[in-house]
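**Student:** Next input, structure requested:
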Amino acid sequence: MPWPETVEALIVAQDALGCATPEPWIVTPAPLALGGCFVCFPRGMRGRGGKGDPGWAAAVVLREGTLVAQAIFEGTAGAAYEPGLLALREGQLLEGAVRAAGAVPDVLLVDATGRDHPRRAGLALHLGAILGVPTVGVTHRPLVATGSWPSGAALEAAPLVLGDEVVGAWLRTRAGTRPLAVHAAWRTDPDKAVACVIAALGGRRTPEPVRLARTLAREARVRARDRPFESSA
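**Tutor:** Next up is the predicted model:
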């Protein structure tokens with residue numbers, strides 16, 4: 001399945017993915033291989049950035065807290081940032097990083113939404129369909145879903161609702177801190193999404209696979225300042 005290259009093609013793909021009914025992910029009792037991915041762009045960009053911006057994507061895989069795979073992928077943004085159309089800008093970069101890591105995670109945590117999307121197919125869901133890997137979205141806020149915050153206690157969750165569908169949850173990963181928005185995505189439901197994020201926390205506010213991928217991507221961006229940009233795409 002190739003990534004769409006136009007807004008019109010992406011909307012068609014999202015409509016199809018939002019209506020798809022893939023087999024639900026069955027969580028195995030063995031320790032999960034937890035993946036995470038993240039992409040960043042040059043600091044100080046004006047506005048929403050543009051097509052062709054250099055980007056640095058990173059992916060990691062952890063098992064029982066041990067890093068078993070990691071990769072950096074450099075490329076360019078496929079489009080400017082537009083809410084609901086993030087796949088055009090970041091999809092190919094994130095796919096490149098995950099494939100470069102080599103190890104296939106049991107579930108992949110993505111800095112993007114999933115079912116919380118006008119067409120029920122945010123980037124986290126789309127990436128999972130492309131890779132054939134169950135995915136969970138983790139963001140700082142919902143895209144279009146709504147819901148009240150949970151209590152101030154650690155690991156308390158409250159539903160995020162879009163229309164008449166629960167598409168994710170607010171999850172307070174640390175007592176007294178702002179909760180994260182956790183999104184059901186490819187082959188995952190809200191309960192499984194929350195359970196995966198809790199399993200991946202490692203004592204931190206941000207799930208460890210996403211935090212490590214974010215650090216790797218930002219370090220790659222810093223190193224790139226000292227050399228000409230070379231795309232690995």
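**Student:** And the residue nearest the centre of the chain, how far from R178?
**Tutor:** Geometric centre of the chain, nearest residue: V110, 1.5 Å, by Cα atoms, centre = their mean. Applying Cβ to Cβ, to the nearest Å, the value for V110 to R178 is 20 Å. To be clear about C-beta, it is placed using only N, CA and C from the backbone, and glycine gets the same treatment.
**Student:** Surely the residue nearest to the centre of the chain and A124 touch.
**Tutor:** Yes - here V110 reaches A124: they are 3.9 Å apart, a contact under Cβ atoms under 8 Å.
**Student:** Spell out which residues are contacts of both of the two.
**Tutor:** T135, V136, G137, A185 (Cβ atoms under 8 Å, 6 or more residues apart in numbering).
**Student:** from those residues, which two are the most distant?
**Tutor:** T135 and G137 (7.1 Å; Cβ to Cβ).
**Student:** any shared contact partners between the two?
**Tutor:** L109, V110, G114, A124, L125, A185.
**Student:** Can you list which of those are found in strands?
**Tutor:** Among the shared contacts of T135 and G137, the residues falling in strands (DSSP state E) are L109, V110.
**Student:** pLDDT and distance to P207 for the shared contacts of T135 and G137 - can I get that in CSV?
**Tutor:** Listed next are the shared contacts of T135 and G137 as CSV, based on pLDDT from 0 to 100; distance: Cβ to Cβ, whole Å:
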residue, pLDDT, distance to P207
L109, 98, 5
V110, 98, 10
G114, 98, 15
A124, 98, 13
L125, 98, 17
A185, 98, 14
